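Engineer: using only what follows, build the 3D model:
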Amino acid sequence: MIYTITLNPSIDYILAMDRLEPGSLNRSTHETVLPGGKGINVSRVLKRLDIDSTVLGFGGGFTGRYIEEYLRKEGISSRLVPVDGLSRINVKIMADQETEINANGPDIQRADLEKLLQTVAGLTSGDVLVLAGSIPASIPKTFYQTIAETIQGKDVRLVVDAEKNLLEPVLDYRPFLIKPNHHELGQIFQATIKTVEEAVYYGKKLLERGVQNVIVSMAEQGSVLLNEQGVWQATVPKGELKSSVGAGDSTVAGFLAGIERGYSLEKSFQLANAAGSATAFSIGLCTKDQVEQLFDQVKVKKIM
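Structural biologist: Here you go, the predicted model:
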């Protein structure tokens with residue numbers, strides 16, 4: 001089973017309008033309400049690719065219940081630890097410019113953390129655990145490391161998609177996959193990465209740290225996959241970029257979906273890029289049909 005952890009899930013309230021005028025009454029042309037969070041995005045894309053997963057994290061009040069109910073209607077299992085307060089509502093205004101207002105979310109108590117860790121401790125051999133996104137202020141910044149320690153020795157595949165200060169302490173636990181973009185990879189090594197060759201150079205340093213698979217997204221240059229078997233580069237299919245939100249999460253989901261289907265690492269990488277691109281070419285997360293349409297357009301070649 002694949003488990004995704006979203007420590008600060010949200011309701012994303014998306015308002016579309018022609019123009020935002022601060023200080024005046026504004027009216028939206030239409031609204032969209034969705035569950036938000038990187039781990040939740042991974043689970044939602046996995047479901048669209050016919051792969052089951054379970055969402056873990058924290059949920060508070062009526063907003064937390066809404067998130068779980070929304071996921072249930074999509075056929076996604078969730079086990080959110082109930083906490084005091086309300087799960088956050090993030091407001092995204094799509095006008096002549098995009099404006100986001102993100103709330104803090106509830107305060108998570110030590111007892112809440114222990115309940116989540118008890119669930120994590122129950123994972124067994126063959127399971128996959130995805131740690132994605134930021135950590136709210138009320139949770140220790142070392143909590144990803146604590147989770148990694150909890151599953152150490154259980155033969156659970158660990159996937160991490162997070163910023164440098166959360167990612168680096170987890171590298172020593174031999175994660176199965178990490179997925180930085182070239183800017184995030186550069187931040188890890190305090191370098192500027194502009195070329196595929198530079199991405200490969202620094203990606204190999206992560207392999208030396210024990211990471212099993214590294215996917216580095218390179219915008220219009222496609223992406224590269226590095227592991228002990230070699231290095232592959234994938235092209236970007238043709239399409240109009242509409243939103244990068246969720247594209248990285250979709251890439252992670254596509255790769256894991258390929259692994260679950262029994263694909264080779266190369267073919268799983270191809271599916272990852274099709275899913276990431278399909279989301280980038282959409283408003284919202286990709287659909288299965290969109291991914292399948294782009295799959296053959298993604299060309300993967302071994303470069304080392």
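Engineer: quick check: what element follows the helix or strand harbouring residue 130 along the chain?
Structural biologist: Here residue 130 is covered by strand 128-132, with elements defined by DSSP states H and E. Downstream of strand 128-132, the first helix or strand assigned by DSSP H and E is helix 143-151.
Engineer: against which helices or strands is that following helix packed?
Structural biologist: Here helix 143-151 touches helix 110-121, strand 128-132, strand 157-161, going by 3 or more C-beta pairs under 8 Å, 6 or more residues apart in numbering; DSSP states H and E. (C-beta placed from N, C-alpha, C; glycine too.)
Engineer: quick one, helices of this protein?
Structural biologist: 38-48, 61-73, 110-121, 143-151, 164-167, 182-189, 196-208, 247-260, 265-280, 288-295 (DSSP state H).
Engineer: of all the helices and strands packed on helix 143-151, which lies closest to residue 48?
Structural biologist: Among the helices and strands packed on helix 143-151, strand 128-132 comes nearest to residue 48, with 15.8 Å by C-beta to C-beta.
Engineer: partners of that closest one in the sheet?
Structural biologist: Here strand 128-132 has these sheet partners by DSSP bridges: strand 2-6 (parallel), strand 157-161 (parallel).
Engineer: report the angle between the axes of the first one and helix 61-73?
Structural biologist: Read that as strand 2-6. 160 degrees (axes from the mean of the first three to the mean of the last three C-alpha atoms, to 10 degrees).
Engineer: for the last one, same thing?
Structural biologist: Between strand 157-161 and helix 61-73, the angle comes out at 120 degrees (the same axes, to 10 degrees).
Engineer: return strand 157-161 as CSV; C-alpha atoms alone will do.
Structural biologist: Taking Å, rounded to 0.1, in the frame of the first residue of the first chain, the C-alpha atoms of strand 157-161 are listed here in CSV:
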residue,chain,number,x,y,z
ARG,A,157,10.1,2.6,0.5
LEU,A,158,10.5,6.2,1.5
VAL,A,159,9.7,9.0,-1.0
VAL,A,160,10.5,12.6,-0.1
ASP,A,161,9.5,15.8,-2.0
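Engineer: list the buried ones in stretch 18-27?
Structural biologist: Applying a neighbour-count criterion of 16 or more other C-beta atoms under 10 Å, one finds residue 20 buried in stretch 18-27.
Engineer: ok now it, how far from the chain's centre?
Structural biologist: 32 Å (C-alpha atoms, centre = their mean, to the nearest Å).
Engineer: what's that stretch in contact with?
Structural biologist: 17, 29, 93, 95, 96, 97, 99 (C-beta atoms under 8 Å, 6 or more residues apart in numbering).
Engineer: ok, now stretch 158-173?
Structural biologist: In contact with stretch 158-173 (C-beta under 8 Å, 6+ apart) are residues 38, 128-135, 141-142, 144-145, 148-149, 151-152, 174-180, 184, 187-188, 206, 209-211, 248-249, 252, 256.
Engineer: likewise for stretch 191-198?
Structural biologist: Contacts for stretch 191-198 (C-beta under 8 Å, 6+ apart): 182, 183, 185, 186, 199, 202, 218, 221, 224, 233, 303.
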